[in-house]
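Visitor: how would this look folded up:
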Amino acid sequence: VQLQASGGGSVQPGGTLRLSCTASGFSLGDYAVAWFRRAPGKEREAVSCIDDSDGYSQYFYADSVKGRFTLSRDNAKNTAFLQMRSLKPEDTAVYYCNSEIGGVNYWGKGTLVTVSS
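Guide: Next up, the predicted model:
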């Protein structure tokens, strides 16, 4: 079981990035998928999550990203995406994708997002 996050980079405030989280060894569509981030000097925080455990898709977004970030999933590609718009300097962080399988949390290596003018 592996998760690989990619798509980070440096953008100016107001810019856009799309992060990808590609899974191997399991079907991403069968489990909840989440994005977390850790900003410099801060604790890790949950950014967004999609959960199908109740039979329908439920989405969670942190208040700080609501209306700007969109989580989606392409089951055919076994990949989840985090579309980030109107980026702010405070979005600067290492972003990680996560999925819990059988009570075990799996993490991808982070991808760095830097928002700076």
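Visitor: please count neighbours and contacts with C-alpha atoms only from this point.
Guide: Noted.
Visitor: just the buried residues of whichever strand or helix holds Ala5, please?
Guide: Per DSSP states H and E: Ala5 is located in strand 2-6. Within strand 2-6, the residues that qualify as buried are Leu3, Gln4, Ala5, Ser6, counting by 16 or more other CA atoms under 10 Å.
Visitor: quick one: contacts for the first one?
Guide: Counting by CA atoms under 8 Å, 6 or more residues apart in numbering, Leu3 makes contact with Cys21, Thr22, Ala23, Ser24, Cys97, Asn98, Tyr106, Trp107, Gly108, Lys109.
Visitor: now do the last one
Guide: Counting by CA under 8 Å, 6+ apart, Ser6 touches Leu19, Ser20, Cys21, Gly110, Thr111.
Visitor: which of those has the most neighbours?
Guide: Compared across the contacts of Ser6, Cys21 has the highest neighbour count, 27 neighbours, by other CA atoms under 10 Å.
Visitor: skipping its backbone neighbours, what lies nearest it in space?
Guide: With sequence-adjacent residues excluded and distances taken as CA to CA, 6 or more residues apart in numbering, Cys21 is closest to Ala5, at 4.3 Å.
Visitor: quick one: contacts for that neighbour?
Guide: Shown in contact with Ala5 (CA under 8 Å, 6+ apart): Leu19, Ser20, Cys21, Thr22, Tyr95, Tyr96, Cys97, Gly108, Lys109, Gly110, Thr111.
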